[in-house]
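Novice: Mind looking at a prediction? Sequence and model below.
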Amino acid sequence: QVQLAESGGGVVRPGESLRLSCTFSGFQMDYYRIAWFRQAPGMEREGLSVIYGSDDYTYYTNSVKGRFTISRDNAKNTVYLQMNSLKAEDTGIYFCAVDLSEIGAPLARELYDAWGQGIQVTVSS
């Protein structure tokens, strides 16, 4: 059974940093991708960043490019999202998700097979 769990959320001030972790289990494949999504209050869930299991290719949506960095630790079955220069508009529930293939648009929500429960990030002065 595929499972993902987020950790590391919290409350920070604008300009500060936070690192989220996504620990996953239940699959062992050469081709997969793990992404981070965010859902702000009253908004649709949007894709932020993805990392590919086969070659560590990474992709970012424009709103976080240059501020967020996705990485993974294979030994720990964990994907990280380092978030720097946080803004109030980064507030939301952050989800990690896995797509058990590497086919299709990098951050197409409907392609992802399993999701974590989500974790709250609040950026406020």
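Specialist: Okay, I see it. All figures in this text were calculated on a predicted structure; none of them were measured in a lab. Numbering: from 1, shown residues only.
Novice: List the contacts of V12.
Specialist: L18, L86, V121, T122, V123 (Cβ atoms under 8 Å, 6 or more residues apart in numbering). For the C-beta atoms, the positions are set from N, CA and C on the backbone; glycine is no exception.
Novice: Show me the beta-bridge partners of it.
Specialist: According to DSSP bridges, the partner residues bridging V12 are V123.
Novice: So which residue is dead centre in this protein?
Specialist: Geometric centre of the chain, nearest residue: W36, 1.9 Å, by Cα atoms, centre = their mean.
Novice: secondary structure element for that residue?
Specialist: strand 33-39 (DSSP states H and E).
Novice: Kindly export whatever helix or strand I70 lives in (C-alpha atoms) in PDB.
Specialist: I70 is located in strand 68-73, with elements delineated by DSSP H and E. Extracted C-alpha coordinates of strand 68-73, given in PDB (Å, rounded to 0.1, in the frame of the first residue of the first chain):
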ATOM      1  CA  PHE A  68      11.900  26.700  -3.300                       C
ATOM      2  CA  THR A  69      14.100  23.700  -3.800                       C
ATOM      3  CA  ILE A  70      13.000  20.100  -4.000                       C
ATOM      4  CA  SER A  71      15.400  17.200  -3.200                       C
ATOM      5  CA  ARG A  72      15.300  13.600  -2.100                       C
ATOM      6  CA  ASP A  73      17.200  11.200   0.200                       C
END
